[in-house]
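Asker: Pasted the sequence and its predicted model underneath.
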Amino acid sequence: MSTPDSPPDLKSVRQDIDFYKIFKVFLSRWYWIAGCVIIAMVIAKINVLYTLPIYQTYGSLKLEDANPAISSSNNLSAQMYTYTDRIQNEGFVIRSNDVLLNAIGNLDYKISYYLKGRIKTSESYPNKPFSIVILKQDSVDFSRDIYQITPVNARTFSIRTSENGPKKEYHYNEVINLGKMAFKVTSRVPDKGEYSFKFNTKEDFIGRAGRIDVGEAAKYTNVMNISITDPNPVFAADVLNQIMKEYIKYDLEQKRRSARQTIEFIESQMNLVLQKADTAGTQLAEFKQKNNITDLSSSAQMTSTQIASLESQKSALNLQLIGINQLEDQVRNSRNRIEINSSLEGDVSGLLASLIAQLNSLILSRESKLTQFNPNSEPILELNRQINEAKAAIRNNIRALKERQLKSIGLINSQLGQAQQTLNQLPSKEKKYVQYESNTAVNNEVLKLLRQKKLEAEMNAAAVVPGASIVNLAYPNHNEISAGPSKIYSFAAMIGLSCGIGLILLVRFLNPYIYDKETVEGLTNTPIIGVIRKFPDYIDKDSRQALSLAKPKSVFAESVRSVRTNLSFLAANKKSKTICVTSEVSGEGKSFVTVNLAGTLALIDKKVILIAADLRRSKLHKVFGSDNKIGLSSYLSGQKTLEEVMIHDSIHNIDFIPSGPVPPNPSELLHTENMKELLNLLAPRYDYVLVDTAPVGLVSDAIPLIRQSDVNLFVIRSGKSQFRAAAIPERLSREYGLSNLAIVLNAFGDDALHSNYYTTDYSRGGGNSTYYYSDYSGYAGSGYYDEDPKKWWEFWKKK
């Protein structure tokens, strides 16, 4: 046995996508897909049966332009913001708890009636199947259990609080004390249907009534579309109409409250000024009577008029300063919306007005989000930060406004100082007279100003109109917006199909094993000498069926013959061939392949000897019925002769050398000259010397045998060998300069789940094999082989 030449430079084969193979991959697990679709359809059916339909109804409001005569934060913001911003801000007001609670209070909310169907229980609103009168109910502490009511006869009925709870009978119009409540049923419960009821508060409907969506009817318009969703279309229409009405009332009340606050502020100032005016007038009359003064000199008259005018201006500025201080206190201490006092009308800058409108919008947004998030959540903390920033900007603007007012007051004080100097030059009686007269004139002028302001505020309060009007009322919409049964089933079928396909792709993606020859061809350039099909029957523990080559006309037997035929092309110049069979790890079928090759070679009258060279865990002796007490290890260690260890199977005409007892040094024995001499001795006697070796991926025992053999077969088992196994033959060829390595794919089955979706094209791009072989896929059932499996649709045919 000469040393083999260096391995030839093999080119990679070309592999093209085969769409039919892709189809077969999914078809191989059609029941996975069908199972996922069935599960999805069952879930969809449950969803359809138990989920209540959702309906949506619409209404619309028109936001009126602000009245310039009325001074409020809403009016100022209307000039600074677009309709989109205003609609967004008013949306928070519509969803506020005050508006929702007032709207719910206008509905018949205290008792909910339910009708139980075969599967679903639906609310009977607005219908009342029977009448209940509440006699006593705590506003908070009462039971919210659902009471199931059943008629017994024309005079009595029964109530229970749970599915399996005890029933108790009552008479109609009898006072019932349950759940910390007192009530009575005043009309007869219908005999048909299963009814139940529960008691509510307005707060119980906040979440249900708050499912409101607000948006523009069209871009750059002041019409606001409002929609609400609910399982009951009549309730949705009723509550939406009440919400729109209560929003208009709320907006009107807010404006009137601002006007009332202004009037109250003016009246409080008028009372103070009126007292001062009465006191000043009395003092002036007494002074004139006591000093018998009827008129003043022209200089004194001018001084008096100047002082009165300056004091009037100063009083007006002080009045505005009071309003500024009140606004500052609101910003500093109040967590509610900010209202601008009418005394500041015309003095608030556009920037300050826009900042106040922005702050009010943030406060409303915070109130709305507090129904969904807790106070320490990130959205609320972010809104708190924005509110603090807005308040800081407002305080800066108020500080600038206050400084301007104080400067104006300071300027008037300086002018008053000059007038006072002129006054000091007058005679003492005239000086005193001027002081009394100027105080009287100032108080009267301020009183006149306040009366004018009060009249304006009262006119404004009388002229207050709502900031919105209803364009379209909401009507019950019985077309559900939730997906109907057909859509749900279609979606479920798509999801099931996707899950089934995804499951197949996931299993393929996670698969680490080799299943078909295309995978091997894609991983290595080592030639494949053949594909052996999976053994058709159960193999017993001694594997004697393999040796007897059961069912010689089966697809399996034909695949073994294909390997036998291709062996004749390997080392064709050799009259006797030494063939070494190995694999990466145990359990990949190298011994099985060796036995089958020996059996098929013997059938064509070839002299064959089989050597069990796996000195560690060989099981070949069981095939031949040997006890394995003596064998190759006995011969190599010099304990027995060749004739003593050799076994002849006359039935199959095969000679066999078992492995023998496990030696302490199996690798060293296989490296001895005795092993080389044994192979040289057997080669002239036999046409084929088949050597079953230990796995090369676990131990190095097989290396000396591989280097001495004429042909080396590396067994890869479908579904057992991992991807790394395909690289071992090439590595052996490089490391030991071998060119006689070939691969046998063992236990190949018809399962297409893990098969590759490409086909090898040997006509282009070189190739890694010059041997013809087939995996016999698709030939089963052709009628050419024994016991071909029937197709599932041929169940009626006899075997």
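Answerer: That came through, no problem. The structure presented is a predicted model; accordingly, all values stated were derived computationally and were not measured.

Asker: Please enumerate the strands of the stretch 151-300 of the chain.
Answerer: 156-160, 168-171, 176-178, 181-185, 194-199, 212-216, 223-230 (DSSP state E, counting those that start in this stretch).

Asker: most packed of those?
Answerer: strand 223-230 (a mean of 20; mean count of other CB atoms under 10 Å). Any C-beta I mention is one placed from the backbone N, CA and C, and that applies to glycine too.

Asker: So for that one, mean pLDDT?
Answerer: What strand 223-230 shows for mean pLDDT is 92.

Asker: and for it, what are the contacting residues?
Answerer: 54-63, 87, 90-91, 94, 208-209, 211-217, 236, 239-240, 243-244, 468, 471, 474, 481 (CB atoms under 8 Å, 6 or more residues apart in numbering).

Asker: so it versus strand 212-216, what angle?
Answerer: Counting by axes from the mean of the first three to the mean of the last three CA atoms, to 10 degrees, strand 223-230 lies at 160 degrees to strand 212-216.

Asker: Would you list the strands that strand 223-230 pairs with, along with their directions?
Answerer: strand 55-63 (antiparallel), strand 212-216 (antiparallel) (DSSP bridges).

Asker: and the longest one, what's its mean pLDDT?
Answerer: Per-residue pLDDT over strand 55-63 has a mean of 92.

Asker: Go through it and flag the buried ones.
Answerer: 55-61, 63 (16 or more other CB atoms under 10 Å).

Asker: and if you look at stretch 244-262?
Answerer: 244-248, 250-251, 253-255, 258-259, 262.

Asker: what does stretch 42-49 give?
Answerer: Those would be 44, 48, for stretch 42-49 by 16+ other CB under 10 Å.

Asker: Grab the CA positions of it and hand them over as CSV.
Answerer: Only the C-alpha atoms of stretch 42-49 are listed here, as CSV (Å, rounded to 0.1, in the frame of the first residue of the first chain):
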residue,chain,number,x,y,z
VAL,A,42,-60.4,28.4,18.4
ILE,A,43,-59.0,31.4,20.2
ALA,A,44,-60.8,33.6,17.7
LYS,A,45,-64.0,31.8,18.3
ILE,A,46,-63.7,32.3,22.0
ASN,A,47,-63.0,36.0,21.4
VAL,A,48,-66.0,36.4,19.2
LEU,A,49,-68.2,34.6,21.8
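
Asker: Rounded mean pLDDT for it, please.
Answerer: 90.

Asker: which residues sit against it?
Answerer: 119-120, 485, 488-489, 491-492.

Asker: mind checking the SS state of the residue nearest the centre of the chain?
Answerer: Centroid-nearest residue in the chain: residue 495, 15.7 Å away (criterion: CA atoms, centre = their mean). Classification of residue 495 by DSSP: H, G, I helix; E, B strand; the rest coil places it in helix.

Asker: Regarding the residue nearest to it when sequence neighbours are not counted, what is its secondary structure?
Answerer: In this structure, residue 495 finds its nearest non-sequential neighbour in residue 40, 5.0 Å apart by CB to CB, 6 or more residues apart in numbering. When classified by three-state DSSP, residue 40 comes out as helix.

Asker: so what's residue 40 up against?
Answerer: So residue 40 contacts 492-493, 495-496, 499 (CB under 8 Å, 6+ apart).

Asker: Could you find the closest non-adjacent residue to residue 451?
Answerer: residue 270 (7.0 Å).

Asker: isn't residue 18 right up against residue 516?
Answerer: No - using CB atoms under 8 Å, residue 18 makes no contact with residue 516, being 11.5 Å away.

Asker: With neighbour numbers in mind, choose between these two.
Answerer: residue 516 (21 against 16; other CB atoms under 10 Å).

Asker: Do you know the pLDDT at the more buried one?
Answerer: 86.

Asker: Leaving out chain neighbours, which residue sits closest to it?
Answerer: residue 755 (4.6 Å).

Asker: That neighbour and residue 473, how far apart?
Answerer: Counting by CB to CB, to the nearest Å, the gap from residue 755 to residue 473 is 66 Å.

Asker: By mean pLDDT, flag the weakest helix or strand of this protein.
Answerer: When the helices and strands of the chain are compared on mean pLDDT, DSSP states H and E, helix 73-80 comes out lowest with a mean of 41.

Asker: Check residue 124 and give its pLDDT.
Answerer: Residue 124 is given a pLDDT of 91.

Asker: any idea how far it lies from residue 110?
Answerer: Taking CB to CB, one finds residue 124 at 15 Å from residue 110.

Asker: Have a look at these two and say which one is more surrounded.
Answerer: residue 124 (16 against 13).

Asker: okay but the more buried one is in contact with residue 116, surely?
Answerer: No - here residue 124 does not reach residue 116: they are 10.5 Å apart, not a contact under CB under 8 Å.

Asker: circling back: rebuild the buried residues of stretch 244-262 as TSV, extending it with pLDDT.
Answerer: Listed next are the buried residues of stretch 244-262 as TSV, based on pLDDT from 0 to 100:
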residue	pLDDT
244	94
245	93
246	92
247	91
248	90
250	88
251	83
253	82
254	77
255	75
258	69
259	71
262	73
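
Asker: Identify, from those, the entry nearest to residue 354.
Answerer: Proximity of the buried residues of stretch 244-262 to residue 354 (CB to CB) peaks at residue 258, which lies at 18.0 Å.

Asker: and of the strands paired with strand 223-230, who's closest to residue 745?
Answerer: Nearest of the strands paired with strand 223-230 (CB to CB): strand 55-63, 62.4 Å.

Asker: okay, that closest one in PDB with CA atoms only?
Answerer: Extracted C-alpha coordinates of strand 55-63, given in PDB (Å, rounded to 0.1, in the frame of the first residue of the first chain):
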ATOM      1  CA  TYR A  55     -69.500  51.100  19.000                       C
ATOM      2  CA  GLN A  56     -68.500  54.700  18.300                       C
ATOM      3  CA  THR A  57     -70.700  57.800  18.100                       C
ATOM      4  CA  TYR A  58     -69.800  61.300  17.100                       C
ATOM      5  CA  GLY A  59     -70.800  64.900  17.900                       C
ATOM      6  CA  SER A  60     -69.400  68.300  17.100                       C
ATOM      7  CA  LEU A  61     -68.900  71.700  18.800                       C
ATOM      8  CA  LYS A  62     -68.200  75.100  17.300                       C
ATOM      9  CA  LEU A  63     -65.700  77.100  19.300                       C
END
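
Asker: Please state the offset of it from the chain centre?
Answerer: 30 Å (CA atoms, centre = their mean, to the nearest Å).

Asker: The top helix by length along the chain versus strand 223-230: what angle between them?
Answerer: Longest helix in the chain, counting residues (DSSP state H): helix 233-291. Interaxial angle of helix 233-291 relative to strand 223-230 (the same axes, to 10 degrees): 130 degrees.
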